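1. Provided below are the primary sequence and the corresponding predicted coordinates.
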Amino acid sequence: MAHAEGGAFELGTDGPKVILVGLDDSVTSMRAGAYAAGLARRQGARLVCVYVARPSAMYGAAAGAGASAIAAQEQALEETAADLKRQAEEGASRLGVPLTFVIVRGDPYTELRRVADEMRADAVIVGASMQAGHRWVGSLAVRMVKAGRWPVTVVP
């Protein structure tokens with residue numbers, strides 16, 4: 001039950017009807033995608049997969065190396081997005097789950113939060129960070145949980 005003053009996330013359904021999962025090509029995000037697809041199938045929910053293309057920190061340095069280095073990085077991001085989309089579509093089709101695949105550019109936290117709001121997600125699923133420094137600095141998962149806008153599941 002949602003309270004009007006508490007900034008409720010629930011949209012009046014019994015269980016999630018729109019499940020958003022953040023995907024990249026990491027092992028934990030692929031596990032999160034599989035978990036989200038299974039949950040969407042069991043709940044009869046729509047699955048929204050979001051790939052946030054994020055140029056590496058070396059992107060600016062690549063500009064000094066020339067246009068070919070930038071083009072190579074852009075092509076790699078596009079290939080990753082296309083591969084993830086293909087895998088998501090195949091899996092969703094196999095499970096009979098309605099799928100929306102979204103490709104955006106920018107900061108993963110900002111973009112996942114924006115897309116979750118736009119799609120009116122009832123639940124957000126992300127993979128656990130595999131970077132050691134995130135224990136102290138804060139991972140994407142921790143930031144999504146702290147936002148307090150949706151139930152967030154973190155898949156190891």
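-> It's in.
2. output the below-cut-off pLDDT ranges for the protein.
-> Applying pLDDT under 70 to the chain picks out residues 1-13, 56-66, 131-138.
3. buried residues of the helix ranked longest in it, list them for me.
-> Counting by DSSP state H, the longest helix found in the chain is helix 67-95. Using 16 or more other Cβ atoms under 10 Å as the test for burial, helix 67-95 gives Gln73, Leu77, Thr80, Ala81, Leu84, Lys85, Gln87, Ala88, Gly91, Ala92. In this view, the C-beta of every residue, glycine as well, is placed from N, C-alpha and C.
4. can I get these in JSON lines with distance to Asp24?
-> Formatted as JSON lines, those follow (distance: Cβ to Cβ, whole Å):
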{"residue": "Gln73", "distance to Asp24": "15"}
{"residue": "Leu77", "distance to Asp24": "10"}
{"residue": "Thr80", "distance to Asp24": "8"}
{"residue": "Ala81", "distance to Asp24": "10"}
{"residue": "Leu84", "distance to Asp24": "8"}
{"residue": "Lys85", "distance to Asp24": "13"}
{"residue": "Gln87", "distance to Asp24": "12"}
{"residue": "Ala88", "distance to Asp24": "12"}
{"residue": "Gly91", "distance to Asp24": "16"}
{"residue": "Ala92", "distance to Asp24": "18"}
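5. return the member of those nearest to Gly44.
-> For the buried residues of helix 67-95, the residue nearest Gly44 by Cβ to Cβ is Ala92; the value is 13.2 Å.
6. nearest spatial neighbour of that closest one, skipping sequence neighbours?
-> Leaving aside its sequence neighbours, Ala92 sits nearest to Leu99 (Cβ to Cβ, 6 or more residues apart in numbering; 3.8 Å).
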